[in-house]
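In: Need the 3D shape of this:
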Amino acid sequence: MKHFLDIHKTDPADLRGMIDHAIAMKTARKGLPKGTPDDDQPLSGHMVALIFEKPSTRTRVSFDVGVRQMGGQTLVLSGSEMQLGHGETIADTARVLSRYVDLIMMRTFEEDTILEMAEHATVPVINGLTNRTHPCQIMADVMTFEEHRGPITGKKVVWSGDGNNVFASFAHAARQFDFDLVFTGPETLDPEPALDGLYRTQRNPQAAVKGADLVVTDTWVSMHDPQSARERRHNQLRGYQVNGDLMGHANPDGLFMHCLPAHRDEEATSAVMDGPHSVVFDEAENRLHAQKAIMRWCLGV
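Out: Predicted coordinates for the structure are as follows:
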């Protein structure tokens, strides 16, 4: 049984296989209506539980559509709908769900929640996001880069902003896919110490982005942050906005990514998001294809 919990916990050869498989599945669907089933139906007869303790647009839709395209069925659950939100242990929930479904995807807050789910489930578990990491997103990002620019190995990737959970998965990917990762952001929002050694830090954003093959950012504030926290973060991060001037320091064919949702003209300007360097909507689409490959790897189908 194979869980997909974090990029650094998955063998690089398996990660490479998933990326290649995702690209092949996307190519095979070119021109088809979105509701058309894949020619191959590897999830036929399979039931997949999609658990959302955190609300979602891209994760929910992309997993749901992916399962359906591959012939499976989904059961979408929120924390408030489950006994998990009313005192039942995660371990007991994992044991019960394993009797009903073939695969569990969970989007939650604490990393310990997904780890405990995987420890006690007897079916594969996929990390759809935690406060600490977001591995499915970075698999889609690597796929997107390679579609546009070829192998990411040896390339320079620059993250501008907050050293958050998406950055953490980029740091894990830097080692597994062997690319150079640079963090530029205020010291107060540095990545967690456990990631030390997986990236370089350059406080000056223009110097950091010089020669970059890919520039990445994310929203400065969480949907749960109070107004006081929003203002404080804006003050800290204003100098790290990805705008036309900053992208001008990257390679001429450098790409720009943002995992969305975006607060336009805050962490990145609309001119960049809609400009020639941006692949943000390819990146969003590729969540579908990358996650289909992840589910197939987990189930061995």
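In: Do a quick rundown of the helices in the protein.
Out: In the chain, helices defined by DSSP state H lie at 12-28, 58-69, 90-100, 111-120, 135-149, 165-177, 205-209, 227-237, 244-247, 270-273, 280-299, listed in chain order.
In: Would you single out the least confident of the ones you listed?
Out: Of all the helices of the chain, mean pLDDT reaches its minimum on helix 227-237 (a mean of 87).
In: Present the helices of the chain as CSV; the columns should include mean neighbour count and distance to residue 5.
Out: To be clear about C-beta, it is placed using only N, CA and C from the backbone, and glycine gets the same treatment. Shown next, in CSV, are the helices of the chain (neighbours: other CB atoms under 10 Å; distance: least, CB to CB, whole Å):
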stretch, mean neighbour count, distance to residue 5
helix 12-28, 17, 13
helix 58-69, 20, 15
helix 90-100, 16, 13
helix 111-120, 18, 6
helix 135-149, 24, 7
helix 165-177, 24, 11
helix 205-209, 19, 30
helix 227-237, 14, 28
helix 244-247, 18, 34
helix 270-273, 18, 31
helix 280-299, 22, 10
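In: Can you tell me which of these is nearest to residue 126?
Out: Smallest distance to residue 126 across the helices of the chain (CB to CB): 6.2 Å, for helix 280-299.
In: Report the distance from the closest one to the chain centre.
Out: Centre-to-centre, helix 280-299 and its host chain are 10 Å apart (CA atoms, centre = their mean, to the nearest Å).
In: JSON lines please, covering the helices of the chain and showing distance to residue 184.
Out: Supplementary listing: the helices of the chain in JSON lines, determined by distance: least, CB to CB, whole Å:
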{"stretch": "helix 12-28", "distance to residue 184": "26"}
{"stretch": "helix 58-69", "distance to residue 184": "25"}
{"stretch": "helix 90-100", "distance to residue 184": "37"}
{"stretch": "helix 111-120", "distance to residue 184": "25"}
{"stretch": "helix 135-149", "distance to residue 184": "18"}
{"stretch": "helix 165-177", "distance to residue 184": "11"}
{"stretch": "helix 205-209", "distance to residue 184": "4"}
{"stretch": "helix 227-237", "distance to residue 184": "11"}
{"stretch": "helix 244-247", "distance to residue 184": "9"}
{"stretch": "helix 270-273", "distance to residue 184": "16"}
{"stretch": "helix 280-299", "distance to residue 184": "19"}
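In: Determine which of these approaches residue 188 most closely.
Out: Checking these against residue 188 by CB to CB gives helix 227-237 as the closest, at 5.9 Å.
In: Go ahead and confirm residue 111 touches residue 129.
Out: No - the pair residue 111 / residue 129 is not scored as a contact, 10.4 Å apart, by CB atoms under 8 Å.
In: of the helices of the chain, which approaches residue 157 most closely?
Out: Between residue 157 and those, the shortest gap by CB to CB is with helix 165-177, which sits at 6.9 Å.
In: check contacts around the spatially most distant residue from the centre of the chain.
Out: For the chain, the residue at maximal distance from the C-alpha centroid (CA atoms, centre = their mean) is residue 87, at 29.1 Å. For residue 87, no residue meets the contact criterion (CB atoms under 8 Å, 6 or more residues apart in numbering).
In: And for residue 289?
Out: Residue 289 is in contact with 22, 23, 25, 26, 66, 140, 143, counting by CB under 8 Å, 6+ apart.
In: Can you tell me the closest non-neighbouring residue to the fourth one?
Out: Computed as CB to CB, 6 or more residues apart in numbering, the closest residue to residue 26 that is not its neighbour in sequence is residue 289, at 4.3 Å.
In: I'd like to know how far that neighbour sits from residue 183.
Out: 28 Å (CB to CB, to the nearest Å).
In: same check, this time on residue 102
Out: Look at residue 102 and residue 183: by CB to CB, they are 38 Å apart.
In: Tell me which of these two has more neighbours.
Out: Higher neighbour count among residue 102 and residue 183: residue 183, with 25 against 19, using other CB atoms under 10 Å.
In: What residues are bridge-paired with the more buried one?
Out: In this structure, residue 183 bridges to residue 159, residue 201 when assessed by DSSP bridges.
In: my read: it touches residue 192, true?
Out: No - in terms of CB under 8 Å, residue 183 does not count as a neighbour of residue 192; the distance is 11.6 Å.
In: list residues touching both of these two?
Out: Taking CB under 8 Å, 6+ apart as the contact rule, the neighbours common to residue 183 and residue 192 are residue 163.
In: quick one: the residue nearest the centre of the chain from residue 259, how far?
Out: In the chain, the C-alpha nearest the mean C-alpha coordinate belongs to residue 137, at 1.4 Å (CA atoms, centre = their mean). As judged by CB to CB, residue 137 and residue 259 stand 5 Å apart.
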